[in-house]
Every structure is written in C-alpha cells, then in structure tokens.
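Enquirer: My questions concern the predicted model and sequence given below.
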Number of protein chains: 2
Amino acid sequence: LAADGAPSVVRIASLAAAAGEIVIAGDEAHYLARVVRVRAGERVTATDGRGSTATLEVIETGTSIRTRVLEHFTQERRATLELWCGAPEGDRADWMVEKLGELGVATFVPVHFKRARWERAEAKRERWERLAIAALRQSRSAWQLEVRPPVPLAEALRSLAPTSARWVCREDGAPWQLVQGAAARAQCVATVGPSSGFTDDELKSLADGGFESISLGRSRLRTETAAMTVAALRAAADNA
Amino acid sequence: LAADGAPSVVRIASLAAAAGEIVIAGDEAHYLARVVRVRAGERVTATDGRGSTATLEVIETGTSIRTRVLEHFTQERRATLELWCGAPEGDRADWMVEKLGELGVATFVPVHFKRARWERAEAKRERWERLAIAALRQSRSAWQLEVRPPVPLAEALRSLAPTSARWVCREDGAPWQLVQGAAARAQCVATVGPSSGFTDDELKSLADGGFESISLGRSRLRTETAAMTVAALRAAADNA
C-alpha cells in the first residue's frame, strides 16, 4: 500500500479483454514485487491507460504475479488537452514528459519549428513512453499520456480536429482566465514555442489555424515551464 | 538581445543605491560577455530581485562590464506566494526551485515533516540561490525567489503572518477555483507535503493554523509537481 493507504496502480495493456485471472509479468510485476512489495491477499488497481480500470486481488507473487479480477469498469474522458511543443533546451524534455503525464495531458506532440528541431526524438520516444507509464502509476489516472512522433508545424496544423479550442502561449496574449471558462470542457490544443521562439510566419500560420494567444502569467517562461503551466491550469479547470 | 529582441536581464544586489555608472563583475559579467555577448551601445536590464530595476547602456565590455544608468524605477509587489514544501524524492528539488523562481514564487521554505526531513539542505542552498538568480534572468521579473533555511513544521507555523491566506494541498481538498477568487490578491501561503505524505498530527496542526485544504486536480501529484502547480495557478490568477 502507498503511504496514504490507497492500492498501488499498474498498467496492463490488454485490460479490457481480461476477466477471471490476470498474470502480471515484466516491468509491472517487478514494480509490484520489488518496489511496492505486494503480498497475497492485497489489492492492486490496474489500468490500460485508455480509460479501463480493474481492481485485482493478488493470489501469488514471484517473478510474475497472479491476480484475480474483482471488479472492472470504464471511464468516459471529460476533457482533453493536446500539447504541441517546440524543443526545450538540453534534456529538459524528459522531466517535462513526466510532468505532463502526471497532470493528465492526453497527447504530447513534439513539433519541429524553424528555429528548433527536435533532435533524436525517435530514440527518446521509448524513454518517454516509460516515463508516461510511471506517471500513470503515480497519478492513479485511467489515462496515459500519448507520445506522438515529431512533426513539422504545417503537418500538425493539417491534422487538427475541427472541434478543438486552440491556444498559442505568448507573453502578450490574453490572460488565461478569459479563455479558461469558455473552453473548460472542450477538446483543447495548446501550442508552446521552442526556447528560441516562434518566427513571424509560424505565428501567422497558427493565427490562420484559429489559435488564440493566451498569456500564462507575468513571467517569461522557459518552454518546459510553459508546457507544464498550461497542463496545470487545464487540470485545475477540469477539477472545478 | 534575446530571440524576441528584449534586453537581457542581470541581477545586481545593490541596485537601489546605484546612479551614474555601474560596473558589473563576476557571474553576471560572465553571463553578459560570454552567454549573451553584449556589445558597447546595447541596453541591458538590471534588477536587484527585490523590486528595483534599471535600464543600463553598455559602455565597455571585458572581464567586467562598464555601464551607464539610463533609467531607474521600483515596483510594488501585487501578490505573493510563500511555499512550504516537504522534501521530494531524489534530486527533484533542484529543478523545482528553478521552476518556482520562473513562476514568481516569493519565498520557498523547505519544511521538515515527520516522514521526510530535508537532507543536506544547507549545502544545497547555495546552488538553489544560483538557480533562483538564473530564473530571475529568464523570467525578466524584478523579484527573486527567496530560499529560506529548512525549518520544522511547528517553527514555520509559529512564524506565520496573521494576514495570509493559507492552503494545504490535498487530493481530497476543495477545488482550487473556490479559493482562488477569494484570495487572488492577498498574501498566500501554500503547503505541499513530502513524497511520503503528511501524518494526521501534521494535518491537524495545519488545520489548527487556519490552513484550508485545496485540490489541484484529479491526479495524485508528486511533491515537486504539486508545488509547481500551485505556483502556476497563482501566477495565472495574478495575471487576470
């Protein structure tokens, strides 16, 4: 059990189909056996990271862990945030991904901008996926952050859902509260520029694509701080 | 000049007294000469991190940088957030301090809780101070994060200003928005527990001290994520 007494969470990819017994193997078994140290008779929460959750009772522990499904339910998602993000400096993307996962961001899209391309993003995706799973366990959510492959801005704009609210984070934008109320339950896309900033052409493309400028506060924020701030504001709005 | 064309920011401790010429030395001179590469004739913003700001014109560069004061002004602070924070896991405090600085938190108080004491916090204070100065430059604020020495909870409670709004961040607290409006301009103190959680006694002490429980979202957040989230919400509220 965690410090607060709630059951530990593991991520099981094929949960929706499972009934009766589930055998947990690999990383998640290691987590339960070595980190959490579960024992037979204890309960564990499993989620597939796509809205499906089950309560499991541990039958037997070892290198794999045998469990019995006690109950099983699915959740509807109330609101989503898709984050389009320019490359931050150095290794700052790693913890940014962890934090976006904890804060319940639905989709992280690394976007190539003219002044900053994502380097080795494909190689990093596997690590980001692991960080997203760890964040899922930590946050006890039924939804795992989806990490997309990097795309150029023009391609991201072409794939935009017509129903989404669209924001671009800018120092001189409208205060966040002005748009927060209007779109508190909608599907939202927020764009955060790279550390080297947007070009005028990029800002025009975003404006043409219906992106409204919002400001996250009086400070100039680093890329990863701005991304986390949008995620935090959205998580708080969704909890109102 | 930065990517967006705004003058670079340096922190000069004794700015309020300065008039005429200022010679910048040490870390800040290194930053201007090597990182920003300022040249004679360019402008730089200097702040003491306590509300005083000056626009400087560079006269001569070198290992120290000679400047002329063009204008000088002071700002009133509208709202402050003091963050009482339990120890997070591992090295997560470093980037937390950086982010709290960027987001304009006034005061960071490392608080010893029963289940988690701050280790080597005195040794870390010098690094945190450097991170706070870097965050000041980044955020272009006139206010530097003040890093206090670690204190036990009981001592922090004894030093509390009577006028402050007081929040403790809890999964089962009231949604943030309910308290945000009421205290958007006040002096606020927010408490975030250590990774191992509060004890019942600690929660009782906080409640007795007038701390109201607030929830930051549906997710269970790590200590450092919760601290950053409060800071982000406060920064956004202050910008309304």
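Expert: Noted; the coordinates are in hand. Bear in mind the structure is a predicted one, so any value in this text is a computation, not a measurement.
Enquirer: Could I get the full set of strands for chain A?
Expert: All strands of chain A, identified by DSSP state E, fall at A:8-11, A:21-24, A:43-47, A:52-60, A:65-74, A:80-85, A:107-112, A:146-147, A:151-152, A:165-175, A:187-192, A:212-215.
Enquirer: Out of the ones you listed, flag the one nearest B:Ile12.
Expert: B:Ile12 lies closest, by C-beta to C-beta, to one member of those: strand A:165-175, at 23.5 Å. In short, each C-beta sits where N, CA and C put it, glycine included.
Enquirer: report the longest helix in chain A, please.
Expert: Identified as the longest helix of chain A according to DSSP state H is helix A:121-139.
Enquirer: what's the spacing between the nearest residue to A:Lys124 once chain neighbours are set aside and chain B?
Expert: Distances taken as C-beta to C-beta, 6 or more residues apart in numbering or on different chains put A:Ala93 closest to A:Lys124, at 7.0 Å, once the chain neighbours are dropped. Look at A:Ala93 and chain B: by C-beta to the nearest C-beta, to the nearest Å, they are 13 Å apart.
Enquirer: Can you tell me how far A:Ala93 is from A:Val105?
Expert: Look at A:Ala93 and A:Val105: by C-beta to C-beta, to the nearest Å, they are 13 Å apart.
Enquirer: now swap in A:Met96 and tell me
Expert: Using C-beta to C-beta, one obtains 10 Å as the distance from A:Met96 to A:Val105.
Enquirer: and if you look at A:Gly62?
Expert: A:Gly62 sits 35 Å away from A:Val105, taking C-beta to C-beta as the criterion.
Enquirer: Contact partners for A:Gly86?
Expert: By C-beta atoms under 8 Å, 6 or more residues apart in numbering or on different chains, the contact list for A:Gly86 reads A:Val111, A:Phe113, A:Ala116, A:Val192, A:Gly193, A:Pro194, A:Ser195, A:Ser196, A:Phe198, A:Thr223.
Enquirer: What values do phi and psi take at it?
Expert: Taking degrees, to the nearest 10, you get phi -70, psi 170 for the backbone angles of A:Gly86.
Enquirer: got any ranges where chain A has weak pLDDT?
Expert: Filtered on pLDDT under 70, chain A yields the residue ranges A:1-5, A:16-18, A:178-185, A:240.
Enquirer: try 50 this time
Expert: Along chain A, the parts satisfying pLDDT under 50 run over A:1-3.
Enquirer: give the contact list for A:Ile65.
Expert: When contacts are counted by C-beta under 8 Å, 6+ apart, A:Ile65 touches A:Val23, A:Ile24, A:Ala25, A:Ala29, A:Leu32, A:Ala33, A:Val38, A:Val58.
Enquirer: scratch that, A:Glu129
Expert: Contact analysis of A:Glu129 by C-beta under 8 Å, 6+ apart lists A:Val147.
Enquirer: residues contacting the closest residue in space to A:Thr199 that isn't next to it in sequence?
Expert: In this structure, A:Thr199 finds its nearest non-sequential neighbour in A:Lys114, 5.0 Å apart by C-beta to C-beta, 6+ apart. Neighbour list for A:Lys114: A:Thr199, A:Asp201, A:Glu202 [criterion: C-beta under 8 Å, 6+ apart].
Enquirer: Adding neighbour count and distance to B:Ser14, write the residues you listed out as a markdown table.
Expert: What follows is the contacts of A:Lys114, written out as a markdown table (neighbours: other C-beta atoms under 10 Å in any protein chain shown; distance: C-beta to C-beta, whole Å):
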| residue | neighbour count | distance to B:Ser14 |
| --- | --- | --- |
| A:Thr199 | 15 | 40 |
| A:Asp201 | 10 | 44 |
| A:Glu202 | 21 | 41 |
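Enquirer: Go through these and name the one nearest chain B.
Expert: Nearest to chain B among the contacts of A:Lys114: A:Thr199, at 9.9 Å, using C-beta to the nearest C-beta.
Enquirer: contacting residues around that closest one?
Expert: Contacts of A:Thr199 by C-beta under 8 Å, 6+ apart are A:Phe113, A:Lys114, A:Arg115.
Enquirer: now, which of those residues sits nearest chain B?
Expert: Set against chain B, the nearest of these by C-beta to the nearest C-beta is A:Arg115 (7.2 Å).
Enquirer: if you skip the residues just before and after it, what's nearest to the closest one?
Expert: Nearest non-adjacent residue to A:Arg115, counting by C-beta to C-beta, 6+ apart: A:Ser196, 3.8 Å away.
Enquirer: Would you confirm that that neighbour contacts A:Ala116?
Expert: Yes. Proximity of A:Ser196 to A:Ala116 meets the contact threshold set by C-beta atoms under 8 Å, at 5.0 Å.
Enquirer: burial of A:Thr107, as a residue count?
Expert: By other C-beta atoms under 10 Å in any protein chain shown, 15 other residues sit near A:Thr107.
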